[in-house]
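> my questions concern the predicted model and sequence given below.
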Amino acid sequence: MKTLNTPHPTSGHETTSPPRRRTGWFRDMTRRLHFFAGLIVGPFILVAALSGALYALAPQLEGMVYSHELHAGSSEQNLSLDEQVRRATDHVRTEVKDSEPPALVAVRPAPEPGATTRVMFAPPEGSSESDQRAVFVSPADGEIRGDLISYGSSGALPLRTWIDQLHRDLHLGEPGRLYSEFAASWMWVIAVGGLILWVPQLTRRLRAGHARRRAIREAALPLPDARGRTRLLSWHYSAGLGLMVAMVFLSATGITWSAHAGEHVTQLRAALNWSTPKASTSLSGEQAPTDEHAGHAGHAGHAGHAGHAGHAGASSHDAAASMPVDSGHDAILRAARRLGIDSNRVEILPSASKDTAWTVQEIDRHFPTQVDSVTIDPVTYNQVDKVSFQDDYSLPAKLARWGVDIHMGLWFGLLNQVVLFVIAIGIVGMVVTGYWMWFKRRPTWPRLKTPTPGLRDAPWWGWLAVGVPAAVVGWFLPLVGIPLVAFVVVDAVLALVGSRRSGGSGRTPRDPAARS
């Protein structure tokens, strides 16, 4: 007689084999992060993309709205630059009457025939520290063409400034900057996560025996015969692949303007001597501030520079400092041309005191970049210091300059703006299709309360491989780190609740983030 080999429990409990860890933990974690990050950050990215698309059109809108201020009649014989500055100064003085007129800050000569000269003064009280009062003067006859507030080094006029502030902080001031930092900090994470999720689409086709070219085409291009959510997903993948590099680039450059992560970027650049060099204005041979002038120590010692304050004499510089603010611009500009400043777009900064030099800097940020600057002794008209973009900018500083200019749509002019507009609309489309897919498979409330835990199935080395980089990124980008910690805590709590509801079997309801 045969006997059945049945297990004989010794303690009244069934013996069970230990659960095996799944090998797809990283993909599942990435899918989960991509899903919830897109769900939460999506609205912020949507607003940033829409306002960014509007900003891409801002230069053309500015040119149309302020055509009267920016353009004037041309003449074979223009007024001297000093006379143009004098006309602008008189215009400002007639408004303040008995009050002290605002200080002259800078002068931007007309860059081409038919354009106006921009004379900048200190802004009215209560203005932003980046604001300047710009008076537009016709070089042909000295007519005052306009009087507006300009913003920042780009000289944005009120309309473009309004659009810029909408994109930057939604006109909410400093608290509003958190929205754009949140979007910029997470957009690259979402983009890279989407790429990781796309790779299995390609490998699945390759394993099925498809030719490499066909597999790439089918995985990367929208599926023409697909329907419903599958069609949306194929368009979402295709747009993501096409825009991924742009999304990462816009994130990286956008972070430099942010409040918290931007401060970390500034500190990193200073520590690695990647800061933008700045020409010294000291007539006593002292260096410019070390953070911005790092790696540029040799310029004060150029031949013919040292000792200018001494050989010119204190009385000479006292006389130079007492010159009217509306004089000396023509001579300084001629000296700058002699010293190699050859861009049509320049800005002249008068000396702040008798111990400082005048500065003439190129402000043409179109390709090829022209941002050289030179400081000039107002008595001898000799060079005090010079910074050349080609020779004195480190490669990281050049990349930072180019990156910011591309982000602002300046480097390649109209083409740059069109590409940025198309990218912004593409990002809007990705956010919309992402939400549309979620809406088609939106989970019920109980399923949403007990989602599949994210890192539960990861081995110990997986926790290290993910946790250490996440901690570094989270410190550098606080608006990634803080939400990520909150996400992990909530995920762990939901996993614990789900495990208890399933009776400790280790099985949890299907993750709403998972794809079929």
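Looks like it came in fine. Values in this document were obtained by computation on a predicted structure and should not be read as measured data.

> who's in contact with stretch 167-181?
Residues outside stretch 167-181 that contact it (Cβ atoms under 8 Å, 6 or more residues apart in numbering): 44, 47-48, 51-52, 54-55, 162, 165, 254-255, 257-262, 479. C-beta coordinates here come from the backbone N, C-alpha and C atoms, glycine included.

> can you pull out the helices in the stretch 251-400 of the chain?
With DSSP state H, counting those that start in this stretch, the ranges of helices along the stretch 251-400 of the chain come out as 261-271, 308-312, 314-321, 329-338, 389-392, 395-407.

> buried deepest among the ones you listed, which one?
Relative to the other members of the helices of the stretch 251-400 of the chain, helix 329-338 carries the highest mean neighbour count by mean count of other Cβ atoms under 10 Å, namely a mean of 19.

> nearest to L494, out of the helices of the stretch 251-400 of the chain?
helix 261-271 (28.6 Å; Cβ to Cβ).

> and that closest one, what's its mean pLDDT?
The pLDDT scores in helix 261-271 average 95.

> helices or strands next to that helix in the packing?
Under the contact criterion of 3 or more Cβ pairs under 8 Å, 6 or more residues apart in numbering; DSSP states H and E, the helices and strands touching helix 261-271 comprise helix 177-207, helix 228-255, helix 395-407.

> what angle separates the shortest one from helix 261-271?
What separates the directions of helix 395-407 and helix 261-271 is an angle of 150 degrees, with axes from the mean of the first three to the mean of the last three Cα atoms, to 10 degrees.

> from the chain's centre, how far out does helix 395-407 sit?
How far helix 395-407 lies from its chain's middle: 10 Å, per Cα atoms, centre = their mean, to the nearest Å.

> next, the angle from it to helix 228-255.
With the same axes, to 10 degrees applied, the angle from helix 395-407 to helix 228-255 works out at 130 degrees.

> give me the helices and strands touching helix 395-407, please.
Judged by 3+ Cβ pairs under 8 Å, 6+ apart, helix 395-407 is in contact with helix 228-255, helix 261-271.

> let's have the ones you listed in JSON lines, adding distance to W436.
Converted to JSON lines, the helices and strands packed on helix 395-407 look like this (distance: least, Cβ to Cβ, whole Å):
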{"stretch": "helix 228-255", "distance to W436": "6"}
{"stretch": "helix 261-271", "distance to W436": "31"}
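
> which one of the ones you listed lies closest to E95?
Taking Cβ to Cβ, helix 261-271 is the member of the helices and strands packed on helix 395-407 nearest to E95, at 37.0 Å.

> low-confidence bits of the chain, can you list those?
1-23, 98, 285-326, 443-455, 498, 502-516 (pLDDT under 70).

> re earlier: which of the contacts of stretch 167-181 are buried? Put it as a ChimeraX command.
In ChimeraX, selecting the buried portion of the contacts of stretch 167-181, with burial taken from 16 or more other Cβ atoms under 10 Å, looks like this:
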select :44,47,48,51,52,54,55,165,254,255,257,258,260,261,262,479
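
> for the most centrally placed residue in the chain, list the residues it contacts.
By Cα atoms, centre = their mean, the mean C-alpha position of the chain lies nearest to G254, the distance being 2.1 Å. Listed by Cβ under 8 Å, 6+ apart, the contact set of G254 reads 48, 180, 183-184, 407.

> so which of the residues you listed comes closest to H68?
Among these, H407 lies closest to H68 (Cβ to Cβ), at 29.5 Å.

> so how many other residues sit close to the spatially closest residue to that closest one that is not a sequence neighbour?
Ranked by Cβ to Cβ, 6 or more residues apart in numbering and with sequence neighbours excluded, the top spatial neighbour of H407 is T253, at 4.2 Å. Here the neighbour count serves as a burial measure; for T253 (other Cβ atoms under 10 Å) it reads 19.

> against R442, how distant is T253?
Spatial separation of T253 from R442 under the definition Cβ to Cβ, to the nearest Å is 35 Å.

> and if you look at S185?
S185 sits 27 Å away from R442, going by Cβ to Cβ.

> of those two, who's got more company?
Set side by side, S185 and R442 show unequal neighbour counts under other Cβ under 10 Å, the larger going to S185 at 27 against 11.

> I'd say the more buried one and L250 touch.
No: with contact defined as Cβ atoms under 8 Å, S185 does not count as touching L250 (11.8 Å).

> mind checking which of the helices and strands packed on helix 395-407 is nearest W438?
Each of the helices and strands packed on helix 395-407 was scored for nearness to W438 using Cβ to Cβ, and the closest is helix 228-255 (9.7 Å).

> lovely, talk soon.
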